[in-house]
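*Asks:* give the three-dimensional model of this entry:
(chains A and B)
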Amino acid sequence: MLSVQYEDFDLAKEYACLRMRSDNAGALVMFVGLVRDLPDGLLQMTLEHYPQMTEKALGNIIADAKQRWPLQAVRIIHRVGNLQPSDQIVFVGVASAHRAAAFSAAEFIMDYLKTQAPFWKRETQSNGERWVAAKVSDEKALEKWK
Amino acid sequence: MIKVLFFAELRERLGESEFMIEDFMGVTVADVLRELLELNPRWHQILSEQKMLIAVNHTMSGLSSPVKSGDEIAFFPPVTGG
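*Replies:* Numbers count the residues shown, from 1 in each chain, chains lettered A, B, ... in the order given. Sure, this is the predicted structure:
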């Protein structure tokens, strides 16, 4: 299950929903990504995406994760639009029988989302706006899954 | 006809979010890029200087990926979501 949305999300609700969808899970891992402030101040973070492609890309990542680990439920939420420092930006929730699979799958999903899903961040500071550059470390993170 | 889309910094630098190639005669993404540059010579530097990702019909692709009339090709900078 995945959502790309402007609105914030409620962790308690997502947790309840994951539990309902996973009958006999022994492990439930949830990851939340937050907008980090900058040392010299971040006024706004704007998320652009490629709407027709985003859901397909995230769907493929979920399908890949399910092929690798026995997962009972997976949930991805990614926000777009204008966000402020400390806002929630991304949610990944995974339920599985055992914790190793749940931890690994959540990390796998985030690593692929970071490099494969068509989202772009733009930062506004008091001295202007700029596009965030992609990190080499994000690309390298994929190597452990190959 | 081929629909070409640009996103994020690339869209801003080109000043264009969408471009149609009417009579596409090529067979790959590289052919699309060549036609784009022939029609818009001023885009040459921008489209060749930075690392650029390519999607054909919403799937990550490369310069050698096949393209046929009716396809949607998107060019964009490395992604920075999450």
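*Asks:* got the contact list for residue A:77?
*Replies:* The contact partners of residue A:77, by Cβ atoms under 8 Å, 6 or more residues apart in numbering or on different chains, come to A:2-5, A:9, A:14, A:90-91. Backbone N, C-alpha and C define where each C-beta goes, glycine included.
*Asks:* excluding residues flanking it in the chain, which one is nearest it?
*Replies:* Spatial nearest neighbour of residue A:77, chain neighbours left out: residue A:91 (4.1 Å); criterion: Cβ to Cβ, 6 or more residues apart in numbering or on different chains.
*Asks:* what do you get for residue A:113?
*Replies:* residue B:82 is the one closest to residue A:113 (Cβ to Cβ, 6+ apart), at 5.1 Å.
*Asks:* just checking, the one you found touches residue A:119?
*Replies:* Yes: between residue B:82 and residue A:119 a contact is recorded at 7.2 Å, counting by Cβ atoms under 8 Å.
*Asks:* now the strands for chain A?
*Replies:* With DSSP state E as the criterion, chain A has strands at A:2-5, A:27-34, A:44-49, A:71-79, A:81-83, A:88-96, A:119-125, A:128-131.
*Asks:* ok, chain B next?
*Replies:* Using DSSP E, strands in chain B cover B:2-6, B:18-21, B:53-56, B:59-61, B:72-76.
*Asks:* if we can go back for a sec, out of residue B:82 and residue A:119, which sits in the busier spot?
*Replies:* residue A:119 (25 against 20; other Cβ atoms under 10 Å in any protein chain shown).
*Asks:* hmm, that one is touching residue A:48, no?
*Replies:* Yes: shown here, residue A:119 and residue A:48 form a contact pair, counting by Cβ under 8 Å, at 7.2 Å.
*Asks:* sorry, back to before: residue A:73: which of the contacts of residue A:77 is nearest?
*Replies:* residue A:14 (10.5 Å; Cβ to Cβ).
*Asks:* find the nearest non-adjacent residue to that closest one, please.
*Replies:* residue A:93 (5.7 Å).
*Asks:* below-threshold pLDDT in the chain: ranges please.
*Replies:* In the absence of a named chain, chain A is used. Within chain A, not a single segment meets pLDDT under 70.
*Asks:* actually, chain B is the one I wanted.
*Replies:* Looking at chain B by pLDDT under 70, you get B:50.
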